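Chemist: no letters, just coordinates:
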């Protein structure tokens, strides 16, 4: 005797994903009805299921093809380079530009990769984010006239036309380039963590 299952209750509109609460979704697990998003949904012969009902221990990861990686790298760089340039022009906004580079790079790459995850995308995203942050400092150094020799010597007092315009008096290389160990590590760490978490 065949038994019929009662359909799970549905709601109209989008609701937070059970596994990614910050993501709104209209998808449901075909077995338990739990809200799921494309990042955590597992395709099965009987429809999209949540990781619990699909019997996977962790969220699935996918090997990303070289063509997708190349396109993802292209869009990631297209986001990181202009934001890095802006960071060099407005270094006082470093915290916000670091977050913008992190989120901008990973979301652009995720769109091209169509929601794929994996170590290859993690490392690629983190490399591009780091490049964007470094470009910001390079642009700042060039704008202020700080040379590589000044940086290597950690000059305690330099005075260039750029520094005269920006500060009005001689400053150290660290002051000119806004080099502060703890904030720099925190801001860079936040941006890199965004890439690590988004593609894990």
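Modeler: Sure, I can see it. This is a predicted model, so every value here is computed, not measured. Residues are numbered from 1 along each chain as shown.

Chemist: once you drop chain neighbours, what's closest to residue 111?
Modeler: Closest residue to residue 111 apart from its sequence neighbours, by Cβ to Cβ, 6 or more residues apart in numbering: residue 75 at 7.6 Å. Yep, even glycine has a C-beta here, placed from its N, CA and C like the rest.

Chemist: would you agree the one you found is in contact with residue 108?
Modeler: Yes. The criterion here is Cβ atoms under 8 Å, and residue 75 meets it with residue 108 at 4.4 Å.

Chemist: what sits up against the helix or strand of the chain with the lowest mean pLDDT?
Modeler: Lowest by mean pLDDT, DSSP states H and E among the helices and strands of the chain is helix 148-153, with a mean of 75. Helix 148-153 is contacted from outside by 141, 158, 173, 177, using Cβ atoms under 8 Å, 6 or more residues apart in numbering.

Chemist: got these as a markdown table, with distance to residue 50 and pLDDT columns?
Modeler: Below are the contacts of helix 148-153 laid out as a markdown table (distance: Cβ to Cβ, whole Å; pLDDT from 0 to 100):
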| residue | distance to residue 50 | pLDDT |
| --- | --- | --- |
| 141 | 49 | 88 |
| 158 | 58 | 82 |
| 173 | 53 | 80 |
| 177 | 48 | 82 |
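
Chemist: and these as a markdown table, adding distance to residue 197 and neighbour count?
Modeler: Listed next are the contacts of helix 148-153 as a markdown table, based on distance: Cβ to Cβ, whole Å; neighbours: other Cβ atoms under 10 Å:
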| residue | distance to residue 197 | neighbour count |
| --- | --- | --- |
| 141 | 31 | 19 |
| 158 | 39 | 20 |
| 173 | 33 | 20 |
| 177 | 29 | 21 |
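
Chemist: quick one, longest helix in the chain?
Modeler: If you go by DSSP state H, the chain has its longest helix at helix 119-144.

Chemist: and that helix, which residues are buried?
Modeler: 120-122, 124-133, 135-137, 139-141, 143-144 (16 or more other Cβ atoms under 10 Å).
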